[in-house]
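Q: Below: sequence and its predicted model.
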Amino acid sequence: MTYSAPEKEILFVLETVAETPALANFPAFEECDPDLVAAIISEAGRFTSEVLAPLNVVGDREGAKLIDGEVKAAPGFADAYRQYVEGGWNGLASDPEYGGQGLPHVLSLAVEECVQSANMAFALCPMLTRSAIEAIGAHGTDEQKATYLEKITTGEWTGSMQLTEPQAGSDVGALKSRAEPQPDGSYKIKGTKIFITWGEHDVAENIVHLVLARTPNSPAGTKGISLFIVPKFLVNEDGSLGRRNDVTCASLEHKLGIHASPTCVLTYGDNDDCTGYLIGEEHRGMACMFTMMNSARVAVGVQGMAIAEAAYQHAAQFAADRVQGSRIDDPERKPVPIIAHADVRRNLMTMRALTEASRAICYLTGVSLDRAHASDDADERARNAGLADLLTPIAKAFSTDVGVEVSSLGIQVHGGMGYVEETGAAQYYRDARIATIYEGTNGIQALDLVGRKLNMAGGAHWRAFLSEIRNFAGALADDGDQGTMKAGLAEGVDAVENAANFLVGNGSEKILDTAAGATPSCD
Amino acid sequence: MGTVVGGYLLAKQVSAAASRIAAGEGDAQFLNAKIATARFYLEQILPPAVALLGPITTGAGMLYALDEDALVR
């Protein structure tokens, strides 16, 4: 069965949770009326189900291939990427001055959901490009913006983000790649990067690598790291492509999932001729990375939720078609599709409910970023920035856990048929598994939540949000649908408050107790 | 915390769905499914997450009860 975008659900969550109609009150988003939103989601649904979803299985089976140092994308991916760029999907929320459409970030996330559901391995390419757009948009010089920004905003060129080295995984400060200043102001880059998503490919004519490296005599750890633009092909003054830079794909990783997303080992300066350009200030590379961290983490959360949606659709359709046994309460023992069985119902309802919960969390986090930037009211900006900070590790960790849990249940619904690759249920599980690991493992998200986010502004952000939930629950009716929710929410808020008070109350002498409770705090 | 936040946001959607149904707006089948899904979540998924308060606040004791040598078989 192929993916079909849940357009009613997406629009409903945008309207009622993200409250997107109110965004049109901001001058930056005045063109964003409900008709435009509905048209974009409808077209995204069509494009992703017709163009991207049919490539999902072939991408998994064939994968990307390294041939003589060049990476060839999986069959059909280059053409699909061309259509993606021509459709103008890449720069929906990017700066109109550089070829973007200036729409709200949350709308771009809703489109990204469809792309990720349809084909996660494909979606990673524009996802990383968007991080590069944000980095160059926020920290690039006018000249750097003129050279690179429009090309990666339209998607004509792609971007990559390069932090990891063999000895520097979660501990980014351990990286060793070097950058030697040259008389012309550029740098010579030398080193090896691993786990570089879409770090080399043939779906676009150039790749703008953003590479963390150390300048000579820089301080140890993260304080000595700077960020560099390293184009695959150098760009001439007239904007045309020049010589191939000295950066080589040495190998591709063999992975559990996302086979069509080339995960590269890249070597820089094998011939001592790799040219890079400093972006932002020297030694401020980690700070540059932090400016795009919230949106990148929310995007990975969306990815987890999107895989859950796809796995749910797949499993529900299978359960409706697969006839086995009869209902336990049917004296005539009529054969039924397994969707009639209580256990299968439990799995499907759990999948559906978890997916809808994580969608709401991701969209709320995304729209908080929009409001934090676009509001003309300083209090509203601060409140939303605080909420986005608080919710970001939750959006990432909770939603990617949901991706794994729901895709695992999807296999369970299929029974033995789910364990063989032919039904396609297993691919979602294999693909989803990486999302709890990259962009900061969920364990690191949890430490971010309990160590930083709960303490920000003296705890004002989480206290304000819990008050909002309490006020909402208090106003619900005592009976009917609202009554069951009222009691549950009240208990839930009390539990979160008690947990948060424990986690922030431990202080530095009992910090290990806070760390021990961190991971379940995101659940 | 994610489960509670998700429960809150689903409950908000239930209120919005109920208003639309009362006003005769929207797709009734979708809105009723939203309400049922949210109720399932609040009744079945939220309670075990509330019970995580114990594990979260127990401290690091049992995580370090075994020596590193004893952990590695």
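A: Great, that's in hand. Treat the numbers as computed from the prediction; the structure is a model and nothing was measured. Residues are numbered from 1 along each chain as shown, chains lettered A, B, ... in the order given.
Q: Now the phi/psi pair for residue B:26, please.
A: The phi and psi torsions at residue B:26 (degrees, to the nearest 10) take the values phi 80, psi -180.
Q: And the pLDDT for residue A:170?
A: The confidence metric pLDDT takes the value 89 at residue A:170.
Q: got the residue ranges for the helices in chain B?
A: Using DSSP state H, the helices of chain B run over B:2-22, B:28-40, B:46-50, B:53-57, B:68-71.
Q: any idea which of the ones you listed is most buried?
A: Highest mean neighbour count among these (mean count of other Cβ atoms under 10 Å in any protein chain shown): helix B:2-22, with a mean of 22. Bear in mind the C-beta positions are built from the backbone N, C-alpha and C, glycine included.
Q: if we can go back for a sec, so which of the helices of chain B is nearest chain A?
A: Smallest distance to chain A across these (Cβ to the nearest Cβ): 2.9 Å, for helix B:2-22.
Q: So which other helices or strands are in contact with the closest one?
A: On a contact count with 3 or more Cβ pairs under 8 Å, 6 or more residues apart in numbering or on different chains; DSSP states H and E, helix B:2-22 meets helix A:7-16, helix A:342-374, helix A:378-414, helix A:460-474, helix A:480-505, helix B:28-40, helix B:46-50.
Q: gap between it and the chain center?
A: Distance of helix B:2-22 from the chain centroid (Cα atoms, centre = their mean, to the nearest Å) equals 12 Å.
Q: Leaving out sequence neighbours, find the closest residue to the most centrally placed residue in chain B.
A: The C-alpha lying nearest the average C-alpha coordinate of chain B belongs to residue B:3 (Cα atoms, centre = their mean; 3.0 Å). Counting by Cβ to Cβ, 6 or more residues apart in numbering or on different chains, the nearest residue to residue B:3 once its immediate chain neighbours are dropped is residue B:49, at 3.5 Å.
Q: if we can go back for a sec, wait, the residue nearest to the centre of chain B sits on residue A:398?
A: Yes: in this structure, residue B:3 is within contact of residue A:398 by Cβ atoms under 8 Å, at 7.4 Å.
Q: Name all residues that sit in contact with these two at the same time.
A: Common neighbours of residue B:3 and residue A:398, counting by Cβ atoms under 8 Å, 6 or more residues apart in numbering or on different chains, are residue A:523.
Q: wait, what's in contact with the residue nearest to the centre of chain B?
A: A:357, A:398, A:492, A:523, B:45, B:46, B:49.
Q: Looking at the residues you listed, which is nearest residue B:34?
A: Of all the contacts of residue B:3, the one with the least separation from residue B:34 (Cβ to Cβ) is residue A:357, at 11.9 Å.
Q: ok, so what distance separates the closest one from residue B:10?
A: For residue A:357, the distance to residue B:10 (Cβ to Cβ, to the nearest Å) stands at 6 Å.
Q: Now list whatever residues contact both of these two.
A: Common neighbours of residue A:357 and residue B:10, counting by Cβ under 8 Å, 6+ apart, are residue B:41.
Q: List the contacts of residue A:473.
A: Each residue near residue A:473 by Cβ under 8 Å, 6+ apart is listed here: A:485, A:486, A:489, A:490, A:493, B:8, B:11.
Q: what do you get for residue A:254?
A: For residue A:254, no contacting residues are found, by Cβ under 8 Å, 6+ apart.
Q: Let me know the pLDDT of it.
A: pLDDT for residue A:254: 98.
Q: just the strands in chain A please.
A: Along chain A, the stretches classed as strands by DSSP state E are A:65-67, A:70-72, A:158-162, A:178-181, A:187-197, A:207-214, A:225-231, A:233-235, A:241-244, A:247-252, A:263-268, A:275-279, A:323-326, A:335-337.
Q: strand partners of the first one, parallel vs antiparallel please.
A: Looking back up the chat, that one is strand A:65-67. Applying DSSP bridges, strand A:65-67 is found paired with strand A:70-72 (antiparallel).
Q: gap between residue B:21 and residue A:352?
A: Residue B:21 sits at a distance of 19 Å from residue A:352 (criterion: Cβ to Cβ).
Q: same deal with residue A:282?
A: Distance from residue A:282 to residue A:352, counting by Cβ to Cβ: 50 Å.
Q: Same drill for these two, tell me which one is more crowded.
A: More crowded of residue A:282 and residue A:352, by other Cβ atoms under 10 Å in any protein chain shown: residue A:352, with 23 against 15.
Q: Which residues are in contact with that one?
A: Residues in contact with residue A:352 (Cβ under 8 Å, 6+ apart) are A:312, A:316, B:37, B:40.
Q: Can you add pLDDT and distance to residue A:418 and give those residues back as a markdown table?
A: Below are those laid out as a markdown table (pLDDT from 0 to 100; distance: Cβ to Cβ, whole Å):
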| residue | pLDDT | distance to residue A:418 |
| --- | --- | --- |
| A:312 | 98 | 13 |
| A:316 | 98 | 13 |
| B:37 | 98 | 23 |
| B:40 | 97 | 22 |
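Q: Including pLDDT and distance to residue A:143, could the contacts of residue A:473 go into CSV?
A: Shown next, in CSV, are those (pLDDT from 0 to 100; distance: Cβ to Cβ, whole Å):
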residue, pLDDT, distance to residue A:143
A:485, 92, 55
A:486, 95, 58
A:489, 96, 53
A:490, 96, 57
A:493, 97, 51
B:8, 98, 47
B:11, 97, 51
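Q: what's the closest of the residues you listed to residue A:466?
A: Using Cβ to Cβ, residue A:493 comes nearest to residue A:466 of these, at 5.5 Å.
Q: okay, now the closest one: neighbour count?
A: Using other Cβ under 10 Å, residue A:493 has 23 neighbouring residues.
Q: hang on, it packs against residue A:469?
A: Yes: with contacts counted by Cβ under 8 Å, residue A:493 reaches residue A:469, the gap being 5.1 Å.
Q: Please enumerate the shared neighbours of those two.
A: Common neighbours of residue A:493 and residue A:469 (Cβ under 8 Å, 6+ apart) are residue B:4.
Q: Alpha carbons of stretch A:425-438, as PDB, please.
A: Only the C-alpha atoms of stretch A:425-438 are listed here, as PDB (Å, rounded to 0.1, in the frame of the first residue of the first chain):
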ATOM      1  CA  ALA A 425       6.500  -3.100   7.400                       C
ATOM      2  CA  ALA A 426      10.100  -3.800   8.500                       C
ATOM      3  CA  GLN A 427      11.600  -1.000   6.400                       C
ATOM      4  CA  TYR A 428       9.800   1.600   8.600                       C
ATOM      5  CA  TYR A 429      11.200   0.100  11.700                       C
ATOM      6  CA  ARG A 430      14.800  -0.100  10.200                       C
ATOM      7  CA  ASP A 431      14.500   3.500   8.900                       C
ATOM      8  CA  ALA A 432      13.000   4.900  12.100                       C
ATOM      9  CA  ARG A 433      15.700   3.500  14.300                       C
ATOM     10  CA  ILE A 434      18.400   6.100  13.500                       C
ATOM     11  CA  ALA A 435      16.200   9.000  14.500                       C
ATOM     12  CA  THR A 436      16.600   8.400  18.200                       C
ATOM     13  CA  ILE A 437      20.300   8.500  17.700                       C
ATOM     14  CA  TYR A 438      21.400  11.300  15.400                       C
END
